[in-house]
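J.: Please work out how this folds:
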Amino acid sequence: MPSTIKVEITRQSTPDGKSVVEKFEIPYRANMNITSLLGEIALNPVTADGKATTPVTYDSNCLEEICGSCSMRINGKARMACSALVDKLEQPIRLEPLSKFPVVRDLAVDRSVLFENLKKVKAWVPIDGSYDLGEGPKQFPQLQEELYPLSNCISCCICMEVCPQFNEDTDFVGAATIAQVKLFNSNPTGKVLKEERLRALAGDGGVQECGFAQNCVQACPKQLPLTEAISDVSRDVVIQQVKDFFTI
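T.: Take a look at the predicted model:
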């Protein structure tokens, strides 16, 4: 086994600063993931050529591929740092921030665009918490099984990072937002806002911008049925547009 782990990290001290690459050599330990590797650098922030530096900034929380916060590019591929095992990566390991989101510092990026998109489509189940509404509508087990995979989205933004249509020219909302529209439109309570969600996806940046490259479904760490959701929502958006045409 190697005695050290060689790492090259793209760093940027400010959102508008110039990016630089720093190289590190970390003592090898079996079964490390990328987050533990970054933790080792934080314990002794010294580059491979002996220069003192600062700990690397990155987002992390759950450490078990649930929170979605530690997504970054690892050896050129967008993935989760917590589930990327060092022993399975080619060295030197290259760590870079996601390329389609503004850099905050080092490997941490601003992914607020996803949450703004979720607001546009009202990705929530509307309730009135001021009084007891009683039992909600029942769901058949078949529907629960259909919707459960979509509820596993961890907002990691990897599907948006790998999507060729997600860029400044199209303002495409991305697969994650569309999948949440299907999730809530299929929910017996959430479907009360179904038409509003579909209309939100009929405009600029909506579902029609999808080129069905299918990068999203291949890269999704939770194996969400993204292309299936996009197809279903595309159909529903067209039906809603026809209905609106004849009722306006």
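J.: Quick one: residues contacting residue 179.
T.: Taking CB atoms under 8 Å, 6 or more residues apart in numbering as the definition of contact, the neighbours of residue 179 are 150, 153, 224-226, 229-230. The C-beta positions use only the backbone N, C-alpha and C, and glycine is treated the same way.
J.: switch to 10 Å and redo it
T.: Going by CB atoms under 10 Å, 6 or more residues apart in numbering, residue 179 touches 123, 149-153, 159, 216-217, 220, 224-230, 232-233.
J.: a strand runs through residue 205, doesn't it?
T.: No - membership of residue 205 in a strand is not supported by DSSP: H, G, I helix; E, B strand; the rest coil, which gives coil.
J.: Nearest residue to it in space, please, no chain neighbours.
T.: With sequence-adjacent residues excluded and distances taken as CB to CB, 6 or more residues apart in numbering, residue 205 is closest to residue 171, at 3.6 Å.
J.: where along this structure do the helices fall?
T.: Along the chain, counting by DSSP state H, helices occupy 34-43, 112-120, 141-151, 158-161, 175-186, 194-200, 215-219, 226-247.
J.: Nearest residue to residue 154 in space, please, no chain neighbours.
T.: Closest residue to residue 154 apart from its sequence neighbours, by CB to CB, 6+ apart: residue 68 at 3.3 Å.
J.: count of neighbours near that neighbour?
T.: Applying the criterion other CB atoms under 10 Å, we find 22 residues in the vicinity of residue 68.
J.: so what's it up against?
T.: With contacts defined as CB under 10 Å, 6+ apart, the neighbours of residue 68 are 59, 61-62, 80, 82, 111, 114, 153-158, 176, 221-222.
J.: change it to 6 Å
T.: Taking CB atoms under 6 Å, 6 or more residues apart in numbering as the contact definition, residue 68 lies against 154-156.
J.: and those, which are buried?
T.: Neighbour-count burial (16 or more other CB atoms under 10 Å) applied to the contacts of residue 68 gives 154, 156.
J.: ok, so of the contacts of residue 68, who is nearest residue 76?
T.: Comparing these against residue 76 with CB to CB places residue 156 closest, at 17.0 Å.
J.: Skipping adjacent residues, who's closest to the closest one in space?
T.: Looking at residue 156 with CB to CB, 6+ apart, the closest residue is residue 68, at 3.6 Å.
J.: Ok, residue 46 next?
T.: The nearest residue in space to residue 46 (CB to CB, 6+ apart) is residue 52, at 5.7 Å.
J.: any idea how far the one you found lies from residue 22?
T.: For residue 52, the distance to residue 22 (CB to CB, to the nearest Å) stands at 11 Å.
J.: Look at the two and report which has more neighbours.
T.: Each of residue 52 and residue 22 had its neighbours counted (other CB under 10 Å), and the higher figure belongs to residue 22 (20 against 8).
J.: residues contacting the more buried one?
T.: For residue 22, the contacting residues are 9, 11, 47, taking CB under 6 Å, 6+ apart as the criterion.
J.: Apply the buried test to those residues and list what passes.
T.: In those, burial by neighbour count holds for 9, 11, counting by 16+ other CB under 10 Å.
J.: could you dump the contacts of residue 22 to TSV with distance to residue 240 and pLDDT?
T.: As requested, the contacts of residue 22 are exported to TSV (distance: CB to CB, whole Å; pLDDT from 0 to 100):
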residue	distance to residue 240	pLDDT
9	46	98
11	46	98
47	56	97
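J.: and residue 232, how many neighbours does it have?
T.: For residue 232, the neighbour count with other CB under 10 Å is 18.
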